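Asker: Any chance you could fold what I've pasted below:
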Amino acid sequence: MYKLNASTAWNKSDDSWAQQPISRPPVLLGVAPFKSMAMMKWMIKFVRGIKVPEEVEQRLRKAKRKSEEAFREENIEIFGEMIREIRNTTSAAGIHMMAVGYEWVVPKIIERSGIG
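Answerer: Numbers count the residues shown, from 1 in each chain. Here you go, the predicted structure:
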């Protein structure tokens, strides 16, 4: 998390730039649903800043042992819960969902979250 002491918003109007101070910059939180266990392991190991709670790892491992379908459903449930929690407990301006190669899951996660 970055602490921003002084921030400004830049708006272009009539071919001139106007600097307008803002009290708090809007923040988007990034989330990335896991397409597979291998993807989760890779992201934890190589993507700086990725934090996966042990409980989430265990839920996904348990679901994966059952079946691919169970893994997908648990993934949708986990990320739906996460989005709902972010909306209810933070002042984030929004969520940037990065579902690379897994785009079809986004509407299902939003539906499961109950925010859409």
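
Asker: When you work out contacts or count neighbours from here on, use the C-alpha atoms and nothing else.
Answerer: Will do.

Asker: Report the central residue of this structure.
Answerer: residue 31 (1.7 Å; CA atoms, centre = their mean).

Asker: contacting residues for it?
Answerer: The contact partners of residue 31, taken as CA atoms under 8 Å, 6 or more residues apart in numbering, are 95, 96, 97, 98.

Asker: Quick check on those residues: which are buried?
Answerer: By neighbour count, with 16 or more other CA atoms under 10 Å, the contacts of residue 31 hold residue 97 as buried.

Asker: pLDDT added to the contacts of residue 31, as TSV?
Answerer: Shown next, in TSV, are these (pLDDT from 0 to 100):
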residue	pLDDT
95	92
96	93
97	93
98	92
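
Asker: from the contacts of residue 31, which ones fall inside strands?
Answerer: With DSSP state E as the criterion, strands contain 95, 96, 97 from among those.

Asker: can you list contacts of stretch 85-93?
Answerer: The set of residues external to stretch 85-93 that reach it, using CA under 8 Å, 6+ apart, is 26, 27, 28, 29, 94.

Asker: One more pass at 10 Å, please.
Answerer: In this structure, residues lying in contact with stretch 85-93 by CA atoms under 10 Å, 6 or more residues apart in numbering are 25-29, 79-83, 94-95, 113, 115.

Asker: which among those residues gets closest to residue 53?
Answerer: Checking those against residue 53 with CA to CA, the nearest one is residue 82 at 11.6 Å.

Asker: Can you get me a residue count around the closest residue to that closest one other than its chain neighbours?
Answerer: When the adjacent residues along the chain are set aside, residue 82 lies closest to residue 113, with 7.8 Å between them (CA to CA, 6 or more residues apart in numbering). Look at residue 113: counted by other CA atoms under 10 Å, it has 20 neighbours.

Asker: Longest helix of the protein, counting residues only.
Answerer: Across the chain, the longest stretch assigned as helix under DSSP state H is helix 68-89.

Asker: residues of that helix that come out buried?
Answerer: 71-81, 83-84, 87.
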